[in-house]
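In: Requesting a structural model of the entry that follows:
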Amino acid sequence: MLAAAGWALCPGRAARAASGSPAVVLVVGDSLSAEYGIARGSGWVALLQQRLQTQGRPVQVVNASISGDTTAGGRARLPGLLQRHRPAIVIVELGGNDALRGLPLQTTRDNLRAMIRASHAAGAKVLLLGMDMPPNYGERYRAEFRAVYSDLAREERVALVPFFLAGVADGPQAAALFQEDRIHPNEKAQPQLLDNVWPALRPLLPRG
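Out: Purely as a prediction, here's the structure:
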């Protein structure tokens, strides 16, 4: 009841409800969500907006992803994004660049936790997209990196996609689903990325 009351009392959401404006899903990510190297409108975030429209859901998707962004960058940008867009849901897809740059896992954990709590304080639900590292990083590091996401999801009680690139990076046709850099999924992979996100996102969406 307290959560519902807090939601109702949020000025931005009250105004949206009164005006009939669509609820907002805010995506804060890096190049995996920013359509790096692929045609505009072909990424999984754009496909999400198309699916919502096809289903007649009054939801607007705002893609605030930036190629190369880290959890520190996302944490710094998030307060302004929350104020500007008043989202109902925040999808956080960050952390891969932290690992590629060798940043401490505790720093990544702290930044993601801060983003989750800021989103909750603004009345938004959170969906965390988990990541993994290639085998050459070592199994111990990979396990600790994956645990950042699973631990936060449990501790902060947020929805989780355990591995955002499931069926793409670990599938039998992985070579055909990546760009030449072997880091960024190509256009063929984008529907699979959306299908990875959708089951966890759908229960969070506003009804009606």
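
In: When you work out contacts or count neighbours from here on, use the C-alpha atoms and nothing else.
Out: Will do.

In: Can you get me a residue count around residue 87?
Out: Applying other Cα atoms under 10 Å, we find 26 other residues in the vicinity of residue 87.

In: Setting the sequence-adjacent residues aside, check what's closest to it.
Out: Leaving aside its chain neighbours, residue 87 sits nearest to residue 24 (4.5 Å; criterion: Cα to Cα, 6 or more residues apart in numbering).

In: tally of neighbours for the one you found?
Out: Counted with other Cα under 10 Å, residue 24 comes out at 22.

In: next one: residue 60
Out: Residues contacting residue 60 under the criterion other Cα under 10 Å number 18.

In: Where do the strands of the chain begin and end?
Out: Using DSSP state E, the strands found in the chain span residues 23-29, 59-63, 89-93, 125-129, 159-161.

In: Redo those strands as TSV? Include distance to residue 140 and mean pLDDT.
Out: Output for these, formatted as TSV (distance: least, Cα to Cα, whole Å; pLDDT from 0 to 100):
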stretch	distance to residue 140	mean pLDDT
strand 23-29	25	98
strand 59-63	33	98
strand 89-93	22	99
strand 125-129	20	98
strand 159-161	21	98
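
In: Quick check: which of those is nearest to residue 141?
Out: Across the strands of the chain, residue 141 has its closest neighbour in strand 125-129 (18.2 Å, Cα to Cα).

In: Run through the neighbouring helices and strands of the closest one.
Out: Judged by 3 or more Cα pairs under 8 Å, 6 or more residues apart in numbering; DSSP states H and E, strand 125-129 is in contact with strand 89-93, helix 105-121, helix 139-156, strand 159-161, helix 190-201.

In: Could the C-alpha coordinates of it be exported in PDB?
Out: Extracted in PDB, the C-alpha atoms of strand 125-129 (Å, rounded to 0.1, in the frame of the first residue of the first chain):
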ATOM      1  CA  LYS A 125      10.600  -0.200 -11.300                       C
ATOM      2  CA  VAL A 126      14.000  -1.600 -12.400                       C
ATOM      3  CA  LEU A 127      15.100  -4.300 -14.800                       C
ATOM      4  CA  LEU A 128      18.800  -5.200 -14.600                       C
ATOM      5  CA  LEU A 129      20.400  -6.900 -17.700                       C
END
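
In: which residues touch that strand?
Out: Residues outside strand 125-129 that contact it (Cα atoms under 8 Å, 6 or more residues apart in numbering): 88-94, 116, 119-120, 149, 153, 158-164, 197, 200-201, 204.

In: one step back: can you redo the helices and strands packed on strand 125-129 as JSON lines with distance to residue 51?
Out: Listed next are the helices and strands packed on strand 125-129 as JSON lines, based on distance: least, Cα to Cα, whole Å:
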{"stretch": "strand 89-93", "distance to residue 51": "16"}
{"stretch": "helix 105-121", "distance to residue 51": "24"}
{"stretch": "helix 139-156", "distance to residue 51": "26"}
{"stretch": "strand 159-161", "distance to residue 51": "19"}
{"stretch": "helix 190-201", "distance to residue 51": "10"}
